[in-house]
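1. Predicted coordinates and the sequence they were generated for:
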Amino acid sequence: MRRSRNVKIVATLGPASDSYDMIATLHQTGADVFRLNMSHGTHDEIREKHRIIREVEQNLGGTIGILADLQGPKLRVGVFANGEEDLQEGAPFRLDLDRAEGDATRVCLPHPEIFAALQPGASLLVNDGKIRLKVIDCSADHANCEVIIGGTISNRKGVNVPDVVLPLAALSDKDRADLEFACELGVDWLALSFVQRPEDVEEARALAAGRAAILSKIEKPSAVERFDDILAVSDGIMVARGDLGVELPVQNVPPIQKRLVRKCRTAAKPVIVATQMLESMIESPMPTRAEVSDVATAIYEGADAVMLSAESAAGSYPVEAVKTMDRVATEVEQDPTYTQIIEASRKADRNTVADGIVAAAREIAETTDIKAIACYTQSGATALLTARERPRVPIIAMTSSKETAGRLALSWGTTCVVTDALSRFKMAVLNAARAARSEGFAGPEDLIVVTAGVPFNVPGTTNILRVAPCDERLIYPADPE
């Protein structure tokens, strides 16, 4: 399904969007990738959503990406005898391993790994940072704290520990079971929560064993500090600004977002900007001006995708939220300033033949009347390198791998076409011309750029570029077969 924009839209499915009609409508309206939140719903419910997405994909044609978002470890306080307590600023408060019900002076924190990592002076944030505690002294089974920011604390509220790297794996037992389930279903991407170090990503990659691409969620200060190492072992990145804004001062998040997006683009790896993008549309059919500006900023920065969470999963206006993102993206990308910003930020280390081929394809397309760049790709790497160039013309990714097509659904400006495996370059050119015409990118009188690698079906061999007509009679007139 051809879009009038290059940035992709990720829509989370939930109670407001779990029927065939709604999922089909969201896709037709603009959703390119659907997110399955493994924190909510049973395996049977998630399996049904996956089935419906694939049915919509088959019935409507084209490629739909599916992203399974793993929950990650959840750190929570215990319960209170009264259900909740008010903590006053400056008051002492104790966290410990005692399972007894809490009161205004203490509560259980059933996570010994937190106490093992705490140091005096560390901060503990409760209920998305609404309550802030400062550790005065601590041991292996308790932490005596001072209430820095008070408020109401209640049963099983979440706890964030921004100042230390916790001795916790990013994958809980539930996550390992969910990962195996999602891979068996056939999702395209796995989003990994609670990433603190590259070893967390490598564990998930080993378990996935090539069945899905790994997308690391950057939601902790430790992940920001080790971002380069995490990026190197990840297939993609999600800038999860909600949790970052809890664990870091909120004014730090915008420059971090900009920095991470640019690094992902340089590395030719897809990046999603997520969380609270159109939050008011959970209950309102219209977004705020600030939200529209926020979405636009992510697009101006060059993000591959922007994401809806509760807006499409549980909100009252899921279709309107997708429409809004689509309209904002279309308007931004038509702005001449957008092109100037994207091209001014084009910084890539070109060290391989493939780097040179895709850069040449982009330059040829922008200096002559070329309608599209068609790239043959087995692993998806060539399409990602082409997308990194952010050409002014559409990218058609030709692949014989359905799995590769699904993963590229997240990549900027890329339309995926699944084709038969080829062994001759002349057939690659013919198929590319047919795809450009059938997808509406070019007519018989137009030209396209075709890139491929010989020998075919071997990843990393991109070494051919040809400017070709879309009229098959002009491609190989002496030997059209």
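-> Okay, I see it. Numbers count the residues shown, from 1 in each chain.
2. Going by C-alpha atoms from here, please, whenever you check contacts or count neighbours.
-> Noted.
3. pLDDT weak spots in the chain?
-> Judged against pLDDT under 70, the low-scoring parts of the chain cover residues 1, 348, 476-481.
4. And the residue nearest the centre of it?
-> Centre of the chain computed as the mean C-alpha position; nearest residue by C-alpha atoms, centre = their mean is I272, 3.7 Å away.
5. For my notes, confirm that residue occurs in a strand.
-> Yes. Membership of I272 in a strand is supported by DSSP: H, G, I helix; E, B strand; the rest coil.
6. what's the spacing between it and P198?
-> Look at I272 and P198: by C-alpha to C-alpha, to the nearest Å, they are 19 Å apart.
7. check contacts around the residue nearest to the centre of the chain.
-> 237-239, 303-307 (C-alpha atoms under 8 Å, 6 or more residues apart in numbering).
8. next SSE after the host helix or strand of E48?
-> For E48, the element it lies in under DSSP states H and E is helix 43-60. Heading C-terminal from helix 43-60, the first helix or strand you meet, by DSSP H and E, is strand 65-69.
9. Mind listing the strands that following strand pairs with, and their directions?
-> strand 33-37 (parallel), strand 189-192 (parallel) (DSSP bridges).
10. Mind listing residues that contact the longest one?
-> Contact with strand 33-37 is made by 8-14, 46, 49, 64-71, 409-410, as judged by C-alpha under 8 Å, 6+ apart.
11. Of the residues you listed, grab the buried ones for ChimeraX.
-> Once 16 or more other C-alpha atoms under 10 Å is used to decide burial, the buried members of the contacts of strand 33-37 can be selected in ChimeraX as follows:
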select :8,9,10,11,12,13,14,46,49,64,65,66,67,68,69,70,71,409,410
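12. so A365 sits right up against T386, yeah?
-> No. Taking C-alpha atoms under 8 Å as the contact criterion, A365 and T386 are not neighbours in contact, 11.7 Å apart.
13. The two: who's more crowded?
-> Neighbours around A365 and T386, counted as other C-alpha atoms under 10 Å, are more numerous at T386. The numbers are 30 against 22.
14. now do the same end-to-end measure for stretch 440-448.
-> Between the opening and closing residues of stretch 440-448 we find a distance of 12 Å, counting by C-alpha to C-alpha.
15. ok, now which ones touch A442?
-> With contact set as C-alpha under 8 Å, 6+ apart, A442 has these partners: 371-372, 436, 448, 470.
16. Closest to T105 out of the residues you listed?
-> Nearest to T105 out of those is A372 (C-alpha to C-alpha; 65.8 Å).
17. surely that closest one meets I448?
-> Yes. Judged on C-alpha under 8 Å, A372 makes contact with I448 at a distance of 5.1 Å.
18. overlap in contacts of the two?
-> The overlap between the contact sets of A372 and I448 (C-alpha under 8 Å, 6+ apart) consists of 365, 436, 442.
19. Save the residues you listed as CSV, and put in distance to D96 and secondary structure too.
-> What follows is these, written out as CSV (distance: C-alpha to C-alpha, whole Å; DSSP: H, G, I helix; E, B strand; the rest coil):
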residue, distance to D96, secondary structure
A365, 64, helix
A436, 64, helix
A442, 66, coil
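20. Which of those residues sits closest to I256?
-> Ranked by distance to I256 (C-alpha to C-alpha), these are led by A365 at 32.7 Å.
21. And the closest one, how close does it get to S123?
-> Using C-alpha to C-alpha, one obtains 53 Å as the distance from A365 to S123.
22. host element of M325?
-> Using DSSP H and E, M325 sits in helix 318-333.
23. Now do the contacts for V306.
-> The contact partners of V306, taken as C-alpha under 8 Å, 6+ apart, are 7-10, 272-274, 295, 298-299.
24. and which of the shared contacts of A372 and I448 is nearest to I396?
-> Ranked by distance to I396 (C-alpha to C-alpha), the shared contacts of A372 and I448 are led by A436 at 7.5 Å.
25. Could you report the neighbour count for the nearest residue to R346 once chain neighbours are set aside?
-> Leaving aside its sequence neighbours, R346 sits nearest to E389 (C-alpha to C-alpha, 6 or more residues apart in numbering; 6.8 Å). Summarising burial for E389: neighbours were counted as other C-alpha under 10 Å, giving 24.
26. okay, the strands paired with strand 65-69 in a markdown table with distance to R176 next?
-> Formatted as a markdown table, the entries for the strands paired with strand 65-69 read as follows, by distance: least, C-alpha to C-alpha, whole Å:
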| stretch | distance to R176 |
| --- | --- |
| strand 33-37 | 15 |
| strand 189-192 | 11 |
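27. Strands of the stretch 1-150 of the chain, start to end?
-> 8-12, 33-37, 65-69, 84-87, 92-96, 106-108, 123-126, 131-138, 142-149 (DSSP state E, counting those that start in this stretch).
28. Show residues contacting stretch 307-314.
-> Here stretch 307-314 has contacts from 9-17, 272-279, 281-282, 317-319, 321-322, using C-alpha under 8 Å, 6+ apart.
29. Those, buried ones only, as a PyMOL selection?
-> Only the buried entries of the contacts of stretch 307-314 go into this PyMOL selection, using 16+ other C-alpha under 10 Å:
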select buried, resi 9+10+11+12+13+14+16+17+272+273+274+275+276+277+278+279+281+282+317+318+319+321+322
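30. got the phi/psi numbers for T288?
-> For T288, the backbone dihedrals (degrees, to the nearest 10) come out as phi -80, psi 160.
31. For it, which non-adjacent residue is spatially closest?
-> S280 (6.9 Å).
32. Then T414?
-> Excluding the flanking residues, the one nearest T414 by C-alpha to C-alpha, 6+ apart is I395, at 4.9 Å.
33. circling back: mean neighbour count, the strands paired with strand 65-69: which tops it?
-> Among the strands paired with strand 65-69, ranked by average contacts under mean count of other C-alpha atoms under 10 Å, first place goes to strand 189-192 (a mean of 26).
34. From the chain's centroid, how far away is that strand?
-> Averaging C-alpha positions (C-alpha atoms, centre = their mean, to the nearest Å) puts strand 189-192 8 Å from its chain's average.
35. Same check on stretch 21-29?
-> Here stretch 21-29 is found 20 Å from its chain centre; the criterion is C-alpha atoms, centre = their mean.
36. Repeat that for stretch 53-71.
-> Mean C-alpha position of stretch 53-71 versus that of the full chain (C-alpha atoms, centre = their mean) differs by 15 Å.
37. Show the contacting residues for the residue nearest to L248 when sequence neighbours are not counted.
-> Using C-alpha to C-alpha, 6+ apart and skipping residues adjacent in sequence, the residue nearest L248 is P221, 6.9 Å away. If you count contacts by C-alpha under 8 Å, 6+ apart, P221 has them with 162-163, 244, 247-248.
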